[in-house]
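> Just a sequence and a predicted model for now, questions to come.
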Amino acid sequence: MTGIILYGAGNIFSLTAALERLGIPYGFINSQADFDKFDRYIIPGVGHAGAAMDKLEKTGLVPVIKALKKPTLGICVGMQLLTSYSEEGDSNLLNIFPIKTLRFQDSAEYKVPHTGWNQVYPEKDNPLFKNIPSGSHFYFVHSYFIEYDKAYTLLSANYSIEFSASIWHDNFYGVQFHPEKSGVYGETLLTNFSKL
Amino acid sequence: MLSKRIIPCLDVKDGRTVKGVNFVDLRDAGDPVELAWNYSRQGADELVFLDITATVERRKTMVELVKAVARQINIPFTIGGGINEIADADALLNAGADKISINSAAVRNPALIDELAKAFGVQFVVIAVDTRRIDDKNIVHLNGGRLPTERQTLEWIKEAESRGAGEILLTSMDHDGTKNGFDNGLLKTVNDAVHIPVIASGGAGAVQHFVDVFEKTNVDAALAASVFHYGEILIPDLKAVLKSNNIEVRI
């Protein structure tokens, strides 16, 4: 069963609705004792990365999350929290991935927020993207991105520069896009995660 | 590459679709959720719901609608209509809306944009602008284009951007309903002047109008209602033509 880590950052109605449509059982994690009930974890998040980190720290769950050994998926800001630092609010984050979250340089051609369906390309082979073709479109809406890194980038995408649409290290995964809003391939990804 | 988005717009009142809809295989053409599901299956990239419910129960009916859509639909959607305060936006966000669209309330109280952006992030805040030409000036209008304001359209849009709008939904009331094409002149001026996404609205009557608006203005998305609802343009056909014109779309 999938445990969604609750820390007060953003709306999870669409995520739980998608899991229900897909028949993926889930529950919620509010405290350290809840972690043992689940086989895998999702860290959701929308809004401001620095504010989200403050909320996560107030739960006292940071040391537990850093020590997790089961598959753990951060979505959007939930993914950015896994990195070392964000330019958003000049914030130090979980540092599970020693890479940074930076702001897109806006221009007339490359508007910010990066909003809409963009193509993603696997950089590594991983069961999270089983049955999802290279170049598939996923739905993004974000102003900050995780830098491309050869060691950690699982999926790359391009928006003025190449960035990490997904990262992977051991049992930790992150996706910048919203799988719950990304049509059939987003649903495939959630199903794949439920089988990791 | 980032795709250009195609967005059907649904008018909803008391939880039901109000404009006529003419899909052959719909069981209930007044059910916004079934209609939305149908559009998502056709390849719509996003949906906009404009709620015109005028009763005191409006927030409750909007929240119920948003929840019903979020339960069933796997693409993003925006809800607009009568959102006046942070509490309205908060209820809709928690019900699963991806974005909210604000029109009159922002013109009457521009600081609302700052408050919404600070509370929920700029990506949640779409500013809808209805514009009409008066004496060679583009003037912001309220109440569905009936009530002119003192604000010039480009100047208002730039202010909205600086206050924290994450996207602009620009409807030309001069073109709306004409089916003669989008207002490409104004859309290009606006699109070149801001660094946030712009959605074109008003005037779509033919597939070529979508090709034109993307080629001539480089806006990020195009919205239409009746051409989709009446089946005059099918989204898969539209996207095939856009692609053949080297316009990036999600197929």
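Received it, and whenever you're ready, just let me know what you need.
> Next up, the contacts around the spatially most central residue of chain A.
Nearest to the geometric centre of chain A sits A:I75, at 2.4 Å (C-alpha atoms, centre = their mean). Applying C-beta atoms under 8 Å, 6 or more residues apart in numbering or on different chains to A:I75 gives the contacts A:L15, A:I42, A:I43, A:P44, A:G45, A:G174, A:V175, A:H178, A:P179, A:E180. For the C-beta atoms, the positions are set from N, CA and C on the backbone; glycine is no exception.
> Tell me how far the third one lies from chain B.
A:I43 sits at a distance of 17 Å from chain B (criterion: C-beta to the nearest C-beta, to the nearest Å).
> list the contacts for that residue?
A:I43 sits next to A:I5, A:I65, A:T72, A:L73, A:G74, A:I75, A:G78, A:M79, A:L81, A:L82 when contact means C-beta under 8 Å, 6+ apart.
> All the strands of the chain, residue numbers only.
Just going to use chain A. Per DSSP state E, chain A carries strands over the ranges A:2-5, A:26-29, A:40-43, A:72-75, A:83-86, A:91-92, A:97-103, A:114-119, A:121-122, A:137-142, A:144-147, A:153-159, A:161-169, A:172-175.
> My question was about chain B, not that one.
With DSSP E, the ranges of strands along chain B come out as B:5-13, B:16-17, B:47-51, B:77-80, B:99-102, B:125-134, B:137-142, B:147-152, B:167-172, B:198-201, B:221-224.
> highest average neighbour count across these?
Ranked by mean neighbour count under mean count of other C-beta atoms under 10 Å in any protein chain shown, the strands of chain B are led by strand B:198-201, which reaches a mean of 28.
> I'd like the contacts of A:I43 written out as a markdown table, with pLDDT added.
Compiled in a markdown table, those are given as follows (pLDDT from 0 to 100):
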| residue | pLDDT |
| --- | --- |
| A:I5 | 96 |
| A:I65 | 97 |
| A:T72 | 98 |
| A:L73 | 98 |
| A:G74 | 98 |
| A:I75 | 97 |
| A:G78 | 96 |
| A:M79 | 97 |
| A:L81 | 97 |
| A:L82 | 98 |
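> Any chance of CSV for these, columns distance to B:D51?
Formatted as CSV, these follow (distance: C-beta to C-beta, whole Å):
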residue, distance to B:D51
A:I5, 33
A:I65, 39
A:T72, 38
A:L73, 34
A:G74, 33
A:I75, 28
A:G78, 30
A:M79, 32
A:L81, 34
A:L82, 37
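> Between the residues you listed, which sits nearest B:G202?
Nearest to B:G202 among the contacts of A:I43 is A:I75, at 34.9 Å by C-beta to C-beta.
> Contacts for the helix or strand of chain A with the lowest mean pLDDT, please.
Using mean pLDDT, DSSP states H and E, helix A:49-59 stands out as the lowest-scoring helix or strand of chain A, at a mean of 93. By C-beta under 8 Å, 6+ apart, the surrounding residues in contact with helix A:49-59 are A:7-10, A:30, A:45, A:62, A:65, A:77-78, A:80-81, A:86, A:88-94, A:101, A:144.
> what about dumping the CA coordinates of that helix to CSV?
Provided in CSV are the C-alpha atoms of helix A:49-59 (Å, rounded to 0.1, in the frame of the first residue of the first chain):
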residue,chain,number,x,y,z
ALA,A,49,9.5,25.2,-2.0
GLY,A,50,10.9,27.1,1.0
ALA,A,51,7.5,27.3,2.7
ALA,A,52,7.0,23.6,2.0
MET,A,53,10.3,22.8,3.6
ASP,A,54,9.4,24.8,6.7
LYS,A,55,6.2,22.9,7.0
LEU,A,56,7.9,19.6,6.6
GLU,A,57,10.5,20.4,9.3
LYS,A,58,7.7,21.3,11.7
THR,A,59,6.3,17.8,11.4
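> That helix: how far from the chain's middle?
15 Å (C-alpha atoms, centre = their mean, to the nearest Å).
> What residues of that helix count as buried?
Using 16 or more other C-beta atoms under 10 Å in any protein chain shown as the test for burial, helix A:49-59 gives A:A49, A:G50, A:A51, A:A52, A:M53, A:K55, A:L56, A:T59.
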